[in-house]
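Chemist: predicted model, plus sequence, below.
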Amino acid sequence: MRRALIVDDAVTVRMYHRQILEGAGFEVDEAENGVEALEKALVVPYDLLLVDVNMPKMDGYTFLKEVRSTPQLRAIPAVMISTEAERRDREQAYRVGANLYLVKPVRPETLAWRATLMTARGGSR
Amino acid sequence: MNPLLAEFITESRDLLEQASQGFLALEKAPGDAEILNGLFRAMHTMKGASGCFEIGALTRLVHAAEDVLDAVRQGELNLTPDRVDLFFEVLDRVGEWVDSLEAEERLPPGAEETSAGLAGRLRGLLSEANDEEPAGAGDAVAEERGAADVGSVSETSGAAPSWIVEVPDDVRRELYQIHIEGGPGTVAVTYTPGEQCFFTGDDPFHTARQTPGARWGRVESREPWPPADELDPYRCVLRFHLVAAAPVEEVREWFRYVADQVEVHEVAPEEWVIPAGPPGHGEPFGAFGEDARRWARKGLWGNLRDSVRAALEMAGPDLFQTSALHWMDLVLRGPDPDPGLVEWLIECVATGTLPPRRPASGAERSDEAKADHEKDVGSSEEKGTGRPEDEALAAAVEILQAQTELLAAPWGPDIRLGVLESAAGVMESALTELGDAAEMARLAEAREAAQTQGSGAPLRALARDILSRLLGTEEVQHEEPEEDPSPHSGGPAPSRSPRENGATPGQKIRVLKVDQTRIDALMDLVGELVVAKNALPFLARKAEEVFRVRDLAREIKNQHAVINRIAEELQGAVMQVRMVPVSHAFQRFPRLVRDLSRKLGKKVRLVMEGEETEADKNVVEDLAEPLVHLVRNSIDHGIESPEEREAAGKPLEGEIRLRAVQLDDQVWIEVIDDGRGMDPEVLKRKAYEKGILSEERLETITDEEALHLIFAPGFSTAEQVSDVSGRGVGMDAVRAMVDRVGGSVSVESTLGRGTCIRMALPLSMAVTRVMIVEVGGETLGVPIENIVETVRVPTDEIHRIKRHEAAVLRDRLVPLCRLGRVLDLEEAEPEPREEEAVLVVSIDGRELGLVVDRFHEGVDIILKPLEGIMAGFRLYAGTALLGDGRVLLVLNLRELVACL
Amino acid sequence: MPVRYKKKVAVLEGVCAVEEAESLLGWLQEHPKAKVNLKGCEHLHAAVLQVLMATGAPVSVWPEDLDLRGWVESALAPAR
């Protein structure tokens, strides 16, 4: 089973993404902000991180930078999901190491397929 | 209800509450960055979460709020009280919509208009922001804002609105042609005029028709038409769609006065390309398809065009395929035909249907489409969806493109290894899923090279290579600069480090959310246990008196004590579950006080005490409404205007104190103001004038009793009915509400100094304790909270004053009431007694002695309201079942007093 | 006189202003079988258009003004 961590401060969004990812066969954990997400990611080997941008305590940019610079975390595929469709915002996401930038709300199929394709070689095989 | 929606509702309420608190806090600490960030984030979070549902009106409104708060955060806009008012209005509306989502799972009718109106006003603030001196003069942010303002007509980026398929084919072809021939650009406009627009002299139909460059338009109603006799001809419920060939700025300018009611979409030429018409059948189209595909693949546009012309000769008019051919003819006339578009049109002709468009003929495009995607959870019938292989391909393309972007992005050296490893991993995954094993070897090479060079270039080259193959094109869009970030430190990085295979930590649930009905069921059972337990003393007495086994009686009493203790603890425990802090009821007051005092031009400070005091959930819920009345009254009638206060030598700012205190099994909620107080004489006179007080009573009534007149029905002290506490809901309504939960309300007031209104409420409503008394052979219950004392009064100490009896008890003259007589329970003149059993009760600050035959024990009962024909007997508050099976009538003392 | 009421036909001509909406509505209610003649109509106020849409009164003659006809035809055509 592949494991995904959803990092978002909005419960509704977490639940929405959880439904999609669980539908795609992921085992899902949630974190409300970057700090909590880091704590979890250091314990559980996730195959995918789904990261919101604007969050209290630690935002998505900072979190991703932390992930990418932490040896045991840095290779985990990460999707940044934001409400902003601006070019500036996507560029910033790639600058901190996101592997994909999606704009909310994301169509279920869109997310499901992308998550699946990004983690096909991972999981407990 | 969909659990996702339920979650959204809960979350939204929290966020709205947070925002509301934030705005209030901000008034005390203007410009506080932390509060502003919190406010911004609350709106931002709501915007994001609302996107999961099809509630665009809500999303757009909180989006507007978010943008304005962002401007405030950037120091471009000040939050004046007027602007805060607007935000509160927004919070209120959104709160109502959330209620509506809960009740009906949709927004209320009219939400679109409300949203557009409020969002327009909010965005209007952004243009004011430009007039204000920006914090950092002339900085980039301000300039950008300015640019955004021109389009305060709501701008829709993303896919064209779906209704453009209804635009006749020839009109769309004309628009396409104008476009590719370098014309002014084409727009699609949706104009939803406000309902009240006719009253402001607008003719939206005229506005729509006269749109510059208008080519076609349609009008529809926003709601089903009512029967003609219910139609309000002056409430506009129309919506206009139109397309125009004009520069988008010009169209925006045209609609500038109704900017918030208009969506202008700048249509890209290819968006007009939608073949239409009934599909025809036949060979020619199939044959055409085969040829056409070949020409297209080789890029022989000239040949293709000839085929198209030939096919058009044969095709019948108005058919779907004919339309597609016309389109192809038009598209091929342009300088650089888009191969994807042409191929798609070929398929239209060959199959007679609209095949899904190529999923990603460019990264930008797929992103835009996504931004405008269906917001409905789960349901989506979109172009580009459909077959899984298409989905997978589209996903692979987007993922690979994203890796090229990531690999080219200017990341720092600290995350270089992470970027390279994760990008290589993602590429490997995508290739694995696509079954593209052949590329694996190349990937391994590229990864190796990337790591030794410390650069993304090798991986990126590979990704672009694969992409071009997937897309079947020679080039991939996005020409990024070739150079890569600093290639210093180049040691080969360890490949994907093994991670500990620790188990997922078990998630402990610390807080249980339990449906209230389950708690209620538990409470009912506890109530029954309490009552059943009350049967034991009867049993003990029976054992002793009837069966004469004193030991057994004592045993039963001992057991009763044990069960009693357990039942009490159980009851306490369940009560505890139902207890919530009264702060729930207090929450809304900072806002209420602020709004009201602003409206009335008074200065009022709100002090809240004891918010942590807990009471039963139902009590707290029922408390909210009377409290609002009381606080409104205090601000409206109690607190004086600043001038009046100054003249009276009081501080200009009045104070309202909301205080909650727990006393034994009661909660006292007090509303205390330091306003002008009430004059008992004035109250008496008014009550007399209004016929509430008889002349006789006028003379005997004490000042304290006079104050309680404000709770009498039909009594209002307001000099005039004011906007604030008028509308006929007075203190009598407050008392009725307090009564309903089994509480009482009292008032103290000192002229010129202020007023205190106290609601004494039971901690819990489930179980009532009553004292049983016997009158004329009947047993009656008297609520224990009203009982002051039980005394025996020697008959010769009872005085007669006119027709009434009274006794002096501890220096107070207490009027007596022979309960048996009032309730008509005595057969005849009772035999004279040496002393009378008197139960002294207090009702609204008035003491009264009830003369009864005998006192009995106090019991806990569950009061059931009278039903059926009994409901008319207002002297009784209800009935309860006693432990020995008898039904106990419980007195309603206030009614009793009223009919004396 | 932008609206002339005949026995069974309301004739709308020129530019029909907002004030006509209420009387037209009243007349159409009293004459449920009446038709509307838009031949000489150049423009009708949105409120008047709304009345025609809501009552579903059949159009006996469409406007000569083609632009207006394009707009109102979809809203007033009997296909509804």
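Modeler: Arrived safely.

Chemist: what's the local residue count around the nearest residue to B:Pro794 once chain neighbours are set aside?
Modeler: For B:Pro794, the nearest residue in space outside its immediate sequence neighbours is B:Glu835; the separation is 4.9 Å by C-beta to C-beta, 6 or more residues apart in numbering or on different chains. The way it works is simple: take the backbone N, C-alpha and C, and place the C-beta from them, glycine included. B:Glu835 has 13 neighbours, counted by other C-beta atoms under 10 Å in any protein chain shown.

Chemist: likewise for B:Leu15?
Modeler: As a measure of burial, B:Leu15 has 25 neighbours, counting by other C-beta under 10 Å.

Chemist: please apply the same query to the one 10 residues further on.
Modeler: The local packing of B:Ala25 (other C-beta under 10 Å) involves 15 other residues.

Chemist: only the buried residues of the helix or strand hosting B:Arg554, if you could.
Modeler: Applying DSSP states H and E as the criterion places B:Arg554 in helix B:550-578. Neighbour counts using 16 or more other C-beta atoms under 10 Å in any protein chain shown place B:Ala553, B:Ile556, B:Lys557, B:His560, B:Asn564, B:Ala567, B:Gln571, B:Val574, B:Met575, B:Arg578 of helix B:550-578 among the buried residues.

Chemist: show me what the helix or strand hosting B:Glu428 is packed up against.
Modeler: Assigned by DSSP H and E, B:Glu428 falls within helix B:416-434. Packing partners of helix B:416-434 (3 or more C-beta pairs under 8 Å, 6 or more residues apart in numbering or on different chains; DSSP states H and E): helix A:60-69, helix A:108-118, helix B:388-408, helix B:438-453, helix B:457-471.

Chemist: can you list those helices in CSV and add mean neighbour count, distance to chain C and mean pLDDT?
Modeler: What follows is the helices and strands packed on helix B:416-434, written out as CSV (neighbours: other C-beta atoms under 10 Å in any protein chain shown; distance: least, C-beta to the nearest C-beta, whole Å; pLDDT from 0 to 100):
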stretch, mean neighbour count, distance to chain C, mean pLDDT
helix A:60-69, 23, 47, 92
helix A:108-118, 24, 34, 87
helix B:388-408, 22, 35, 83
helix B:438-453, 16, 53, 83
helix B:457-471, 20, 40, 82
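
Chemist: will you turn the ones you listed into JSON lines that also has distance to C:Gly56?
Modeler: Formatted as JSON lines, these follow (distance: least, C-beta to C-beta, whole Å):
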{"stretch": "helix A:60-69", "distance to C:Gly56": "55"}
{"stretch": "helix A:108-118", "distance to C:Gly56": "41"}
{"stretch": "helix B:388-408", "distance to C:Gly56": "44"}
{"stretch": "helix B:438-453", "distance to C:Gly56": "64"}
{"stretch": "helix B:457-471", "distance to C:Gly56": "52"}
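
Chemist: now chain B against chain A: closest residue?
Modeler: B:Gly418 (3.0 Å; C-beta to the nearest C-beta).

Chemist: can you give me the strands for chain C?
Modeler: C:3-5, C:9-12, C:14-16, C:35-37, C:41-44, C:59-61 (DSSP state E).

Chemist: which one of those strands lies closest to chain B?
Modeler: Of those, nearest to chain B by C-beta to the nearest C-beta is strand C:41-44, at 6.4 Å.

Chemist: closest to B:Val251 out of the helices and strands packed on helix B:416-434?
Modeler: With C-beta to C-beta, the closest approach to B:Val251 among the helices and strands packed on helix B:416-434 belongs to helix A:108-118: 31.8 Å.

Chemist: which helices and strands sit right next to the closest one?
Modeler: With 3+ C-beta pairs under 8 Å, 6+ apart as the test, helix A:108-118 has helix A:11-23, strand A:48-52, strand A:78-82, strand A:100-103, helix B:388-408, helix B:416-434 packed against it.

Chemist: switch to 7 Å and redo it
Modeler: helix A:11-23, strand A:100-103, helix B:388-408, helix B:416-434 (3 or more C-beta pairs under 7 Å, 6 or more residues apart in numbering or on different chains; DSSP states H and E).

Chemist: near chain C, which residues of chain B show up?
Modeler: B:198, B:203-206, B:209, B:216-221, B:225, B:228-229, B:231, B:233-234, B:236, B:238 (C-beta under 7 Å from any C-beta of the partner chain).

Chemist: drop anything exposed from those residues.
Modeler: For the residues of chain B next to chain C, buried by 16+ other C-beta under 10 Å: B:198, B:203-205, B:209, B:216-219, B:228, B:231, B:233, B:236, B:238.

Chemist: so which of those belong to helices?
Modeler: B:Pro204, B:Phe205, B:Arg209 (DSSP state H).

Chemist: tell me the pLDDT of the last one.
Modeler: Taken from the predicted model, the pLDDT recorded for B:Arg209 is 91.

Chemist: what does the second one give?
Modeler: As predicted, B:Phe205 sits at a pLDDT of 93.

Chemist: thought it was touching C:Ala46?
Modeler: Yes - using C-beta atoms under 7 Å, B:Phe205 is in contact with C:Ala46, at 3.8 Å.

Chemist: lowest-confidence entry in the buried ones among the residues of chain B next to chain C?
Modeler: pLDDT across these is lowest for B:Ala228, at 80.

Chemist: what's near enough to touch that one?
Modeler: By C-beta atoms under 7 Å, 6 or more residues apart in numbering or on different chains, the contact set of B:Ala228 is C:Leu25, C:Leu28, C:Gln29, C:Ala54, C:Thr55.

Chemist: count the neighbours of the second one for me.
Modeler: By the measure other C-beta under 10 Å, the count of residues near C:Leu28 is 23.

Chemist: again with the last one
Modeler: When neighbours are defined as other C-beta under 10 Å, C:Thr55 has 20 of them.

Chemist: report the contact partners of it.
Modeler: B:Ala228, C:Leu28.

Chemist: what separates the closest residue to B:Arg447 other than its chain neighbours from B:Arg469, distance-wise?
Modeler: Setting aside the residues directly before and after it, B:Arg447 is nearest to B:Ala424 in space (C-beta to C-beta, 6+ apart), at 4.4 Å. Per C-beta to C-beta, to the nearest Å, B:Ala424 is found 19 Å from B:Arg469.
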